Structures are given as structure tokens and as C-alpha cells.
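A.B. asks: Sequence first, then the predicted structure:
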Amino acid sequence: MLEGKKHWLFHRLSAILLLPLIIWCIWSLSLIPEISYDNMVLWAGNTINFIFLCALIIVSAYHFQLGIQVIFEDYISNVAKRNFFIKVTYVLFYILCMLGFFSLIVIYFGV
């Protein structure tokens with residue numbers, strides 16, 4: 001687990017990285033003439049979009065995990081329960097990343 005200063009720094013860094021990724025996502029999606037299943041599969045199947053979507057998944061899930069960890073540290077006074085819930089968020093972080101990657105790989109490679 002990260003300690004104070006590093007945790008704060010990584011949380012801010014992930015927020016800064018999320019900003020251009022979200023702006024890219026909104027801009028890129030706005031260029032699609034019609035939001036349909038086929039168009040979205042074509043969009044997500046583009047190599048650049050695939051790479052940026054993978055980055056968006058990693059950064060947003062990591063930012064989520066860091067934010068929830070701060071909430072647990074601030075509001076759960078029982079150390080054992082706090083550490084348990086923090087570990088659960090780590091597991092949830094990996095599950096969300098793997099689920100997102102698996103979904104993108106299925107779209108990208110047409111499995």
C-alpha cells in the first residue's frame with residue numbers, strides 16, 4: 001500500500017492523466033456519425049482507439065481504487081476492517097481491469 005505523500009501524488013497524477021483521456025474519448029466519440037453497435041465495434045477495433053481505451057481503463061480503475069482507499073482510511077476506524085476493505089478494492093481494481101481488457105480484446109481481435 002502507498003503511504004501518505006506517494007498516495008496523494010499518484011492520485012493527483014492519475015486525475016491529470018484522466019483529463020486528456022476523457023477529452024479524447026468524448027472528442028473521438030463525437031466524430032462517429034451514428035452511435036450504433038456496428039459503428040462502436042468499428043471504433044473500438046481501431047488500433048489507436050484500442051490503445052487509448054486500454055489506458056483509460058487502467059488509469060480510471062487505478063484512480064477509483066486510490067479514491068476509495070482514502071475514503072476507507074478516513075472513515076473506518078477499525079484497522080482490521082479498514083485493511084480488509086482496502087484489499088478488496090485492490091482485487092476489484094484488478095477484476096475491473098481484466099474485464100475491460102477482455103472486452104476490448106474480444107472486440108479488437110473479433111474473437
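C.D. replies: Everything's here; your move.

A.B. asks: pLDDT of stretch 89-106, averaged?
C.D. replies: Regarding stretch 89-106, the rounded mean pLDDT is 92.

A.B. asks: Just give me the neighbour total for the closest residue to Cys25 other than its chain neighbours.
C.D. replies: Excluding its sequence neighbours, the residue lying closest to Cys25 (Cβ to Cβ, 6 or more residues apart in numbering) is Leu56, at 6.3 Å. Bear in mind the C-beta positions are built from the backbone N, C-alpha and C, glycine included. For Leu56, the neighbour count with other Cβ atoms under 10 Å is 18.

A.B. asks: Now Leu56: which helix or strand?
C.D. replies: For Leu56, the enclosing helix or strand under DSSP states H and E is helix 47-75.

A.B. asks: distance between that helix and the chain's centre?
C.D. replies: How far helix 47-75 lies from its chain's middle: 3 Å, per Cα atoms, centre = their mean, to the nearest Å.

A.B. asks: so the next helix or strand after that helix versus helix 47-75, what angle?
C.D. replies: Using DSSP H and E, the helix or strand that follows helix 47-75 towards the C-terminus is helix 79-109. If you take axes from the mean of the first three to the mean of the last three Cα atoms, to 10 degrees, helix 79-109 sits at 170 degrees to helix 47-75.

A.B. asks: residues of helix 79-109 that come out buried?
C.D. replies: 82, 85-86, 89, 93, 96-97, 100, 104, 107-108 (16 or more other Cβ atoms under 10 Å).

A.B. asks: Having no further points to raise, I will conclude here.
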